[in-house]
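J.: Sharing a sequence plus its predicted fold:
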Amino acid sequence: MLYAHHDVQPPMREALWKSAPFEPEVRGDRLYGRGTADDKAGIITHIAAAQQVRELLGDKGPNLKFIIEGEEESGSAGFEEILAKHAELLKCDAVIVADLGNFAKGVPSITTTLRGMSAVNVTLRSTKTPLHSGSWSGPIPDPAQALCHMIASLTDERGNIAIPHFEDGLVPPTEEELQSYRSLGYGEAKFREESGVLNKVSLTVPDEEILESLWRRPSIVVTTMEVGSRTNAGNVLQDCAYARIGIRLAPGMNAGACTDMLVNFLRQNTPNGLEISIDVEDGANPFVTDIAHPFFKKMSDAMKEAYKTEPKFIGCGASIPGAELFRKTFGDIPILLTGLEDPECAAHGENESLYLPDFEAGIIAETLFFVSLA
């Protein structure tokens, strides 16, 4: 089974794009445009590799089934139902999920762990309508400040989540996994270069824990806040404040249980009797795969030949709801997580791009993998 998805994130701040987000443009060795890396490249990799193996082997190649999703970026709400309804039709011996990335440009990678995710939309309200800030502020709680206090209470000064029992189910990495992370030679200097963290901003974890923090620990991020309008700001005591709060969940944690804990914590810490409404989005559980199956060795060998360098087994802090759903539907089959994102691709951000040399190598690697199964 060959999986990828065609839906994409919004362009975000279009003024920051150097070319039109939905008009692909080649600049140097990269192809720019929304969805180039996440995940149109995955679709084309599957199609091109399938075409190549058919030309090479004819009907002696492996049987291939495609499933191209259109809801991945919004939580794959209908995907479980589709898999369950068509389980017999889609039944397979293995799945390649081409929606991840390489550890660095030119460094082929197979991802073995994914964080889970969930998000809540929180609205805090104090009055029926906005009010003149001079005439009414003071006695009336400011919903914006109240919401900021609530959000700040979710973590301590080091970013550790302060919700009681939130991390009870977390499964820490083994010593072997930690040694594997350390062998990648990734530290603070490289992290700062790739992420664009400002020079004077201190990180919340020490150098040696960066990858563990990204791949094997939970996090909470405020992805959106809205209070009034920045373009029409005035001296107004706003009636309400809104925030979208996203959580990333480490292996062992449960998306439903953790989301419930987040919702309850916010409700319990709402000050001054403000009216709170919370809408919960669909979530996804974390995912861990076992690389002992021979298919992982075959894929690693194919990548080594295509990229001319040793592949890496890595983790990923992002989420792919379909990975766990494939396992739930088809049982304990090998699920290979590959892809063509890299630290420079800016997936989900402005000026998303695809590194073209790796695009070609990725197609060759998947073709060689198919050939090895013949």
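T.: Looks like it came in fine. Numbering: from 1, shown residues only.
J.: P108: how many residues sit nearby?
T.: P108 is flanked by 26 other residues according to other C-beta atoms under 10 Å. To be clear about C-beta, it is placed using only N, CA and C from the backbone, and glycine gets the same treatment.
J.: Surely it touches N102?
T.: Yes: with contact defined as C-beta atoms under 8 Å, P108 and N102 form a contacting pair (5.9 Å).
J.: tell me, what's touching the two both at once?
T.: Common contacts of P108 and N102, defined by C-beta atoms under 8 Å, 6 or more residues apart in numbering, comprise D358.
J.: List the residue ranges of the protein that fall below the pLDDT cut-off.
T.: Scanning the chain for pLDDT under 70 picks out nothing.
J.: Nearest the middle, which residue of it would you pick?
T.: Closest residue to the average C-alpha location of the chain: A318 at 2.6 Å, with C-alpha atoms, centre = their mean.
J.: burial measure for D279, as a count.
T.: 11.
J.: got a list of what the residue nearest to the centre of the chain touches?
T.: So A318 contacts 100, 114-115, 117 (C-beta under 8 Å, 6+ apart).
J.: top of those residues by neighbour count?
T.: Neighbour max across the contacts of A318 (other C-beta under 10 Å) = L114, 30 neighbours.
J.: For the residue lying closest to that one once chain neighbours are set aside, grab phi and psi.
T.: Spatial nearest neighbour of L114, excluding adjacent residues (C-beta to C-beta, 6 or more residues apart in numbering): F287 at 4.2 Å. Backbone torsions of F287, given as degrees, to the nearest 10, read phi -140, psi 140.
J.: Over to K297?
T.: phi -70, psi -40.
J.: any idea how far A119 is from it?
T.: Separation of K297 from A119 (C-beta to C-beta, to the nearest Å): 37 Å.
J.: same deal with S137?
T.: Distance of S137 to A119, computed by C-beta to C-beta: 31 Å.
J.: Give me the more crowded residue out of those two.
T.: Legend: neighbour count by other C-beta under 10 Å for S137 and A119, higher for A119 (20 against 14).
J.: So which bits of the regular element (helix or strand) spanning that one are buried?
T.: Using DSSP states H and E, the element containing A119 is strand 116-125. Going by neighbour count (16 or more other C-beta atoms under 10 Å), the buried part of strand 116-125 is 116-120, 122-124.
J.: can you check stretch 268-277 too?
T.: Using 16+ other C-beta under 10 Å as the test for burial, stretch 268-277 gives 270, 274, 276.
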